[in-house]
Structures are given as structure tokens and as C-alpha cells.
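Enquirer: here's a sequence, model it:
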Amino acid sequence: MPVDNGFGIAVATVAKMLDNDAGGARARILGYGEQIPYGVAPVLVADTTLYGTQMLEQTMQRWGSLPRPWLVWVADSPARPVQDARFLVRALEGRLAGVARVPYLPVLRAVKGPDEALEYKDVRSAAEKLRRTIEGK
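Expert: As a prediction, this is how the structure comes out:
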């Protein structure tokens, strides 16, 4: 679920990374207002901007009694996140199942879609690391 209700290349690529060629059977993007299906492990996707983390905070304020979600924190630049964004995510970590970080992937700026992105070694490597982190392996 994108925290900012946007559906950009990063969100599409994260969904494809988590699905791992299962045709949408393992991971899919929920639309705004769509109910979380019973028995799934929710994953929130946010970029490392302060805006992205503030949207994450707002989402968590409305989260309620749903299962604790994972955060996939996608780097929007090669620099580390600004201090306020890091502090905010650290403050929210107790309400999350975990935080999985996806590094800055410059190729996402130049591809037509997530399938093309996954043709690149650095994206495939990030996908494997992301799946291992969330699956606890």
C-alpha cells in the first residue's frame, strides 16, 4: 500500500519485487480505500522524503487494530534520509512489524515499468534482499 496514495515506479517495482513472478498471487497493490484481505501481511511503501514519512505517520494514526505492517522505505536519492525523516521512522518502529530499506536505484528513473527494472542486476539484488528481510530469512 503506498502511503501517499500514489502509484509511481517505486511502488510498482516494490510490488513486483515482493510478488517474485507469482503473477500477483503473493503481492499486489491495494487501491485507496480498499480493505486489507484477511490473513495477509500488510506492507506500506514510502519514500525517504520527510513528506513520505509524514504520510506514513498519518497512515499509522488511522491504522487501528489491523495487523502491524511492514514498512518498505525506498530511497529517493543516493543521500541518506534527512534527520527528521529518520527520527520519525525510528519513532514509528514500535508500531511496525519491521522496516525494510530499498536503496536508491537510479535505473527506476529510466525504465518503462517494473518488469524492465527487474532486468537490472542491482534491482534484482535489492529484490532478493527485500524478500529475505520481510520473510525473516
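
Enquirer: longest single helix anywhere in this structure?
Expert: If you go by DSSP state H, the chain has its longest helix at helix 121-135.

Enquirer: any idea how far that one is from the chain center?
Expert: In this view, helix 121-135 has its centroid 12 Å away from the chain centroid, taken as C-alpha atoms, centre = their mean, to the nearest Å.

Enquirer: now swap in stretch 105-120 and tell me
Expert: Worked out by C-alpha atoms, centre = their mean, stretch 105-120 lies 16 Å from the chain centre.

Enquirer: which outside residues touch it?
Expert: Defining contact as C-beta atoms under 8 Å, 6 or more residues apart in numbering, one finds that stretch 105-120 is touched by 9-10, 12-13, 15-17, 75, 78, 122-124, 126-127. Glycine gets a C-beta too; all of them are placed from N, C-alpha and C.

Enquirer: just checking, residue 28 touches residue 12?
Expert: No - the pair residue 28 and residue 12 fails to qualify as a contact (C-beta atoms under 8 Å) at a distance of 10.8 Å.

Enquirer: ok, those two, which is more surrounded?
Expert: Per other C-beta atoms under 10 Å, whichever of residue 28 and residue 12 has more neighbours is residue 12, with 18 against 15.

Enquirer: and that one, what element?
Expert: helix 9-19 (DSSP states H and E).

Enquirer: and that helix, C-alpha only, in PDB?
Expert: In PDB, the C-alpha atoms belonging to helix 9-19 read as follows (Å, rounded to 0.1, in the frame of the first residue of the first chain):
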ATOM      1  CA  ILE A   9       7.500   3.400 -10.400                       C
ATOM      2  CA  ALA A  10       8.900   2.700  -6.900                       C
ATOM      3  CA  VAL A  11       5.600   1.300  -5.600                       C
ATOM      4  CA  ALA A  12       5.100  -0.800  -8.800                       C
ATOM      5  CA  THR A  13       8.600  -2.100  -8.500                       C
ATOM      6  CA  VAL A  14       8.400  -3.000  -4.800                       C
ATOM      7  CA  ALA A  15       5.100  -4.900  -5.500                       C
ATOM      8  CA  LYS A  16       6.800  -6.800  -8.400                       C
ATOM      9  CA  MET A  17       9.900  -7.500  -6.100                       C
ATOM     10  CA  LEU A  18       7.700  -8.900  -3.400                       C
ATOM     11  CA  ASP A  19       5.500 -10.900  -5.800                       C
END
